[in-house]
Each structure stands twice: as structure tokens, then as C-alpha cells.
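Engineer: Give me a model of this one.
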Amino acid sequence: MKALYFLFILVFTATLSFAQAPAAKVDFCGQQYELPAGATLVSPYEVRGPGYDLILMYINPADLRNGAPAEYTKQRVKKMKGKELQEISCFIQETPAKAFKFAYPTDKGLSYEMLAYGITKGQPVMIQLTLEVDPYNNLEIPEFARQFVHFDK
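Structural biologist: Alright, predicted model coming up:
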């Protein structure tokens, strides 16, 4: 009887712990962001959602000063066989930033990548946003990703 009771308690607590699993969150510059429905946390700094992939990166201040984001972008364009590389202005969490944007072919058509970089909350960062549509304005950037990078205030 004790074994049966113990088994019941074990199953009950296991079920309860699964039912109350904490919502997945991504940490960026000391702030937690809860993932929206339909999005998955690929790694602590990568989110995959419907129609987008978002990677949040911290970089060294010296790398930012020495042009590492531009070099990284050139390597990505070459690796992905990208075209139409453009330098654009944007905001990373309300702080003015710079970005590169380019398109590259995939088996589903074209994908568009935006690589934004700058300093926000005192931390040098780079954000890689891959979309299925060409981001001309904030409407093309998914709501979750707009918390990190967007075109206008």
C-alpha cells in the first residue's frame, strides 16, 4: 500500500511540474522577454518564430570599433550567396544603430537578412534577423523582434 501511495505521489508531482513549466524566455541586456506563441527558443540567444529567426549576440567593444560587424556581414553574404547588400539605419531598443541588409536564395525562394549592430544599455551588441519578406518598414518585422530592432521610434 505504501508503494502504491508513493507511486501516486510521484506521478502527481511529475504531472504538476510539467503542467507548470515556466514560459520560455530570452535574456537580452539584462531584461527577460517571454517568447510569443508559436516561437521556440533554439538556444539562450536564438529564437525561431513563424517567418523569422532572431539571433541576439554580444560583441567585444574592440570588435565593434574595428569593424567586426561589417566583416561578419561580408562573410555571411559570401557564404549565403547573397545579393543587394545595403547599409541602413535602424534602432536597437530605442538606441540609434547601423545595419546591413541583403537577400539570398533558398529552396523556398528568397530570404532576407538584417544584421544590426550598435551599443544598447552600455553593451555592444549585434542582432541577426532573418525574414521571409524584405523588411522595408516596421510592419515587416515581427512584433517580438521589434522589441530588439526596428526602423523608427
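
Engineer: Next, V125: secondary structure please.
Structural biologist: Secondary structure for V125, judged by DSSP: H, G, I helix; E, B strand; the rest coil, is strand.

Engineer: how distant is stretch 121-129 from the center of its chain?
Structural biologist: Relative to its parent chain, stretch 121-129 has a centroid offset of 10 Å by C-alpha atoms, centre = their mean, to the nearest Å.

Engineer: ugh, wrong one, I meant stretch 107-114
Structural biologist: Worked out by C-alpha atoms, centre = their mean, stretch 107-114 lies 16 Å from the chain centre.

Engineer: Please work out which residues outside that stretch touch it.
Structural biologist: Contact with stretch 107-114 is made by 76, 80, 82, 88, 90, 99-105, 127-135, 149, as judged by C-beta atoms under 8 Å, 6 or more residues apart in numbering. Heads up, the C-betas are built off the backbone N, CA and C, glycines and all.

Engineer: Report the buried members of these.
Structural biologist: 76, 80, 82, 90, 99-104, 127-131, 135, 149 (16 or more other C-beta atoms under 10 Å).

Engineer: Identify the residues contacting the most centrally placed residue in the chain.
Structural biologist: In the chain, the centroid-proximal residue (C-alpha atoms, centre = their mean) is L54; its distance is 2.3 Å. Applying C-beta under 8 Å, 6+ apart, we find L54 in contact with E46, V47, R48, I127, Q128, L129, T130, F144, A145, F148.

Engineer: The third one and E84, how far apart?
Structural biologist: It refers to R48. Going from R48 to E84 by C-beta to C-beta, to the nearest Å gives 24 Å.

Engineer: ok, the two, which is more surrounded?
Structural biologist: Taking neighbours as other C-beta atoms under 10 Å, R48 and E84 compare with R48 leading, 17 against 12.

Engineer: Where does the more buried one sit, in terms of helix or strand?
Structural biologist: Assigned by DSSP states H and E, R48 belongs to strand 46-49.
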